[in-house]
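Trainee: just coords:
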């Protein structure tokens, strides 16, 4: 099957163009770089931006991991892995620590990433100012002038209506005290993982034709107020029912039989690795 495709699906010219946009994004942290988004055999909105980054970067000897909201086996993750496998010779892995390139939808893995790893995040809406400004020309002007009053106002309105900031995911962040950035719809729990991250983080929006980046050891601050500080999801006193993990992002499981509630690790690979280690200890 592989001989029917160019390596990593794209022709070399397309991959060079995407890499050039990626390099510019790395040089200007948080800045949205336009690029000529290519057609792929998956629908726009299902990870084409992240997949284009992955296909333009992966090469011989790479180990690629793909996750979708913490799961390695969702339909979206499996489809992307099948395309990568069909067009390259890279190894597809589950273990985060084995991966050199990680493509993710809506989660940052629980295991801290290393300097020799790259995290690619899929992004549906890269513009953090779009909710109050529909004009692309105006949002570009606001970014150029560092005019982010609207972003603060949206958070202020949430506090006035609900008593706290209610952004469950995609909470905007300030990058290097310069650009306000949409971190992709990761939960607020994952925002602090971006701050001073050892790994390179790339964000791609195929439908919106934008690439942006957070280079290693970059300052990332979630927008908040002095009297209403940023607060991530809390799971105090809760542990994973399968592996016993604490201080990780947990999914709430409601059992239909009796209505009871339990919790499981959202990161399935992390949970499985812990369980395998525990079984090894028991032996």
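Mentor: Right, received. Where do you want to start? This is a predicted model, so every value here is computed, not measured.
Trainee: how about the closest residue to residue 214 other than its chain neighbours, secondary structure?
Mentor: Distances taken as CB to CB, 6 or more residues apart in numbering place residue 201 nearest to residue 214, at 4.1 Å, with adjacent residues excluded. All C-beta spots, glycine's among them, are computed from the backbone N, C-alpha and C. What DSSP: H, G, I helix; E, B strand; the rest coil gives for residue 201 is strand.
Trainee: residues contacting residue 201?
Mentor: By CB atoms under 8 Å, 6 or more residues apart in numbering, the contact set of residue 201 is 118-119, 121, 194, 213-214.
Trainee: can I get these in TSV including pLDDT?
Mentor: Below are those laid out as TSV (pLDDT from 0 to 100):
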residue	pLDDT
118	98
119	98
121	98
194	98
213	98
214	98
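Trainee: farthest-separated two in these?
Mentor: The span of these, defined through CB to CB, is set by 118 and 194 at 13.8 Å.
Trainee: re earlier: now intersect the contacts of residue 201 with the helices, please.
Mentor: residue 194 (DSSP state H).
Trainee: ok, so of the contacts of residue 201, who is nearest residue 28?
Mentor: Nearest member of the contacts of residue 201 to residue 28, counting by CB to CB, is residue 213, at 8.4 Å.
Trainee: what number of residues lie near that closest one?
Mentor: 28 (other CB atoms under 10 Å).
Trainee: got it, and residue 105?
Mentor: 25.
Trainee: what residue lies at the spatial centre of the protein?
Mentor: residue 121 (3.3 Å; CA atoms, centre = their mean).
Trainee: gap between that one and residue 42?
Mentor: According to CB to CB, to the nearest Å, residue 121 stands 16 Å off from residue 42.
Trainee: quick one: end-to-end length of stretch 64-72, please.
Mentor: 12 Å (CA to CA, to the nearest Å).
Trainee: off-centre distance for it?
Mentor: 10 Å (CA atoms, centre = their mean, to the nearest Å).
Trainee: stretch 247-260 too?
Mentor: With CA atoms, centre = their mean, you get 24 Å for stretch 247-260.
Trainee: wait, the residue nearest to the centre of the chain touches residue 205, no?
Mentor: No: counting by CB atoms under 8 Å, residue 121 does not reach residue 205; the two are 9.7 Å apart.
Trainee: the helices in the stretch 151-283 of the chain, which residues?
Mentor: Ranges of helices within the stretch 151-283 of the chain are 191-194, 268-282, based on DSSP state H, counting those that start in this stretch.
Trainee: of those helices, which shows the lowest average pLDDT?
Mentor: Among the helices of the stretch 151-283 of the chain, helix 268-282 carries the lowest mean pLDDT, a mean of 88.
Trainee: list the buried residues for that one?
Mentor: 268-275 (16 or more other CB atoms under 10 Å).
Trainee: with distance to residue 96 added, can I get those in TSV?
Mentor: TSV is the format used below for the buried residues of helix 268-282 (distance: CB to CB, whole Å):
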residue	distance to residue 96
268	11
269	6
270	7
271	12
272	11
273	8
274	12
275	15
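Trainee: residue 64 - that's part of a strand, no?
Mentor: Yes: assessed with three-state DSSP, residue 64 lies in a strand.
Trainee: how about the contacts made by it?
Mentor: Counting by CB under 8 Å, 6+ apart, residue 64 makes contact with 54, 58, 81, 84, 90-93, 99-103.
Trainee: that one and residue 82, how far apart?
Mentor: 12 Å.
Trainee: and what of residue 204?
Mentor: Distance from residue 204 to residue 82, by CB to CB: 19 Å.
Trainee: the more surrounded of those two?
Mentor: residue 204 (32 against 12).
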